[in-house]
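[1] Fold the following for me, if possible:
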Amino acid sequence: MTASPTVPVPSGTLAAEVDSALRDLRLAERSQQLDQSPEFPRAQFRALGERRLLGLRTAAEFGGRGLPLREVAATLHQLAYGSGTTFAKLSLQPEFCGVLAAHGSERLRADFFRPLVDGRLLIGNQVTEPGAGSDAGALALRATRVGDEYVLEGTKSEAAFAADADAAIVYAKVGEREVSVFLVPQTLEGIHRTVGSPDLGERWMRRGTVEYSAVRVPAGNRIGPEGRAFDFLKEELTRERLLLAAIYLGVGRSSFDEVVAHVGVREAFGKPLRAQQAVAFPLVEDWAQLDATWLYVEHALARLEKGEDVVAQAALAKRMATGVALATIDHAIQFHGGRGYSSALPHEQRWRDVRSGGIAHGPSEVMLRVAASRLWPRPGPSAEG
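    All right, here's what the predicted structure looks like:
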C-alpha cells in the first residue's frame with residue numbers, strides 16, 4: 001500500500017522482472033539471514049547477474065542494460081523497497097566500479113568488468129586508510145613504479161568484502177600529491193586480508209583490513225593515466241550518491257507503508273492509532289519528506305543526464321535521503337511498540353543498514369562541505385567529490 005503518486009516504478013517489463021527476482025530468490029528473507037550469519041551471498045549475486053539486474057546502467061557490450069540514470073534509480077528503489085539495502089547495493093556494484101568501465105583498458109574490462117556484470121566476479125573498492133577516510137588526499141598507501149610493474153606498500157581499512165573480493169580497485173599515492181588507481185587481484189603475493197568486528201548493519205559486506213607488502217602489480221593494471229584518480233573518483237561519487245539516495249528512500253518507504261497500514265487497524269484508548277494526532281502527524285510529515293526528497297533526487301538525476309554539474313545536489317540528496325529514511329524507520333519502530341523494537345519485524349535491521357548512509361561514500365558532514373564548496377568555490381584540487 002502506498003499513498004503517494006510519486007513512487008518511482010521502472011518502465012516496461014522491468015518492474016515485473018524485479019518482483020520476480022524478489023520472489024524467486026527470496027531476497028527479503030535472505031537479507032535477514034545475512035544479518036544473523038554474515039557472508040557474501042555469491043549465489044544471489046550470480047543470480048542477479050543472470051537476470052541482468054547487475055550493471056543496470058552498464059552498456060550492452062558489457063552485458064548490461066544501458067538504462068538511463070532515472071530508470072536505474074527507480075529499479076534500485078524497487079529492489080530496496082522489497083528487500084532492504086542488501087541486494088539493491090549488490091545491483092549497484094558495477095556502478096561502484098564504474099571507473100574500470102570508463103577508464104580501464106580493453107583487457108581489464110574483458111577480464112574483470114564483464115565477469116562482474118555477469119555476477120561471476122566480485123570487485124571491491126579500497127580508498128579508506130587508517131589515517132585517510134573522507135580526506136582521500138591523505139592517502140599513505142604508495143605505488144612505486146619499477147620497470148613494467150608498480151610495487152604497492154601500505155594498508156587499506158574499512159574495506160567492504162575485505163576477505164571476499166576476487167579483485168579490488170585500489171587508490172594509491174604515486175607522487176607528492178598525485179594518486180592513481182589500480183585493478184589488483186586479491187590473490188597476489190604479499191596481500192594479507194582480515195575481517196574486522198561485526199558492523200552495526202550491512203554485515204554481509206564483512207568489512208576489514210587489507211595489507212599490501214611489496215605487492216607487485218603489472219603496469220597494465222593501472223586504470224587511466226597516472227595521477228588522475230581524483231578526477232575519476234569525483235565523477236563516480238556524484239552518480240553513486242544519487243543512486244544510493246534512491247536506495248535509502250526505497251527502504252524508508254517500505255517501513256512507511258507498513259506502519260501506515262499498522263496504525264490504521266491498531267487501537268489504543270478506544271480508537272485507531274491513526275486517529276491519534278501524535279501518531280498521524282509525524283507520519284504525514286514522513287510522507288511529505290519521502291516525496292520531496294525523491295523529487296529532488298529525480299531532478300538532480302535529470303540534470304546529470306544532461307551533463308550538468310550536480311556535485312552539490314548529489315551530496316545533499318544522499319544526506320537528505322539518509323536522514324528522511326532513518327526518521328521514517330524510527331517512527332515505524334516507535335509506532336509498532338515493543339514488537340517494532342525487536343527483530344520480529346524488519347524495521348530495526350532496516351534502521352541499522354540505512355545508518356551506514358551517514359558515513360559511507362562521504363559522511364553527512366562532508367556532504368555539507370561539498371555543497372558549501374559550490375556556493376563559495378576555492379581554487380585547487382579536492383578529493384571530496
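
[2] can you map out the strands along the chain?
    Under the criterion DSSP state E, strands of the chain are mapped to 123-126, 142-146, 149-159, 167-173, 179-185, 191-195, 208-218, 222-223, 267-268, 271-272.

[3] Note down every partner strand of the helix or strand of the chain with the lowest mean pLDDT and its orientation.
    Every helix and strand of the chain was ranked by mean pLDDT, DSSP states H and E. The lowest is strand 267-268, at a mean of 74. The strands beside strand 267-268 in its sheet (DSSP bridges) come out as strand 271-272 (antiparallel).

[4] Can you read off the pLDDT for the residue of the chain most remote from its centre?
    Distance from the C-alpha centroid of the chain, by C-alpha atoms, centre = their mean, peaks at Gly270 (44.0 Å). With respect to pLDDT, Gly270 scores 77.

[5] how close does it get to Glu285?
    Taking C-beta to C-beta, to the nearest Å as the measure, Gly270 falls 25 Å from Glu285. The way it works is simple: take the backbone N, C-alpha and C, and place the C-beta from them, glycine included.

[6] same question, Gln277
    Distance, Gln277 to Glu285, using C-beta to C-beta: 12 Å.

[7] likewise Leu67?
    Separation of Leu67 from Glu285 (C-beta to C-beta): 32 Å.

[8] Also Gly337?
    Using C-beta to C-beta, one gets 20 Å for the distance from Gly337 to Glu285.

[9] Keeping just the C-alphas, turn stretch 88-96 into PDB.
    C-alpha atoms of stretch 88-96 as PDB (Å, rounded to 0.1, in the frame of the first residue of the first chain):
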ATOM      1  CA  ALA A  88      20.000  -3.100  -4.200                       C
ATOM      2  CA  LYS A  89      23.600  -2.300  -3.300                       C
ATOM      3  CA  LEU A  90      24.700  -5.500  -4.900                       C
ATOM      4  CA  SER A  91      22.900  -4.500  -8.000                       C
ATOM      5  CA  LEU A  92      24.800  -1.200  -7.900                       C
ATOM      6  CA  GLN A  93      28.200  -2.900  -7.500                       C
ATOM      7  CA  PRO A  94      29.200  -2.400 -11.200                       C
ATOM      8  CA  GLU A  95      28.400   1.300 -10.700                       C
ATOM      9  CA  PHE A  96      30.800   1.400  -7.800                       C
END
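
[10] Figure out how far the helix ranked longest in the chain is from the centre of its chain.
    Longest helix of the chain, by residue count under DSSP state H: helix 229-265. Averaging C-alpha positions (C-alpha atoms, centre = their mean, to the nearest Å) puts helix 229-265 9 Å from its chain's average.

[11] Give the residue spans of the stretch 51-200 of the chain that score low on pLDDT.
    For the stretch 51-200 of the chain, applying pLDDT under 70 flags no range at all.

[12] And the helices in it?
    69-83, 85-91, 93-96, 98-103, 106-108, 114-118 (DSSP state H, counting those that start in this stretch).

[13] now these in CSV, with distance to Ala162 and mean neighbour count?
    As requested, the helices of the stretch 51-200 of the chain are arranged in CSV below (distance: least, C-beta to C-beta, whole Å; neighbours: other C-beta atoms under 10 Å):
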stretch, distance to Ala162, mean neighbour count
helix 69-83, 23, 26
helix 85-91, 16, 27
helix 93-96, 15, 23
helix 98-103, 19, 20
helix 106-108, 22, 12
helix 114-118, 17, 22
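
[14] ok now the least confident helix or strand of the chain, how far from the chain's centre?
    39 Å.

[15] For Ser255, find the nearest of the strands of the chain.
    Closest approach to Ser255 among the strands of the chain (C-beta to C-beta): strand 271-272, 18.9 Å.

[16] I'd like the distance from the closest one to the chain centre, please.
    For strand 271-272, the distance to the chain centre is 40 Å (C-alpha atoms, centre = their mean).

[17] With stretch 111-123 instead?
    A distance of 17 Å separates the C-alpha centroid of stretch 111-123 from that of its chain, computed with C-alpha atoms, centre = their mean.

[18] Distance check, the nearest residue to Leu316 once chain neighbours are set aside against Thr58.
    The spatially closest residue to Leu316, leaving aside those adjacent along the chain, is Ala371, at 5.3 Å (C-beta to C-beta, 6 or more residues apart in numbering). Between Ala371 and Thr58 the distance is 29 Å, computed by C-beta to C-beta.

[19] Check Val170 too.
    Relative to Thr58, and taking C-beta to C-beta, Val170 is found at 21 Å.
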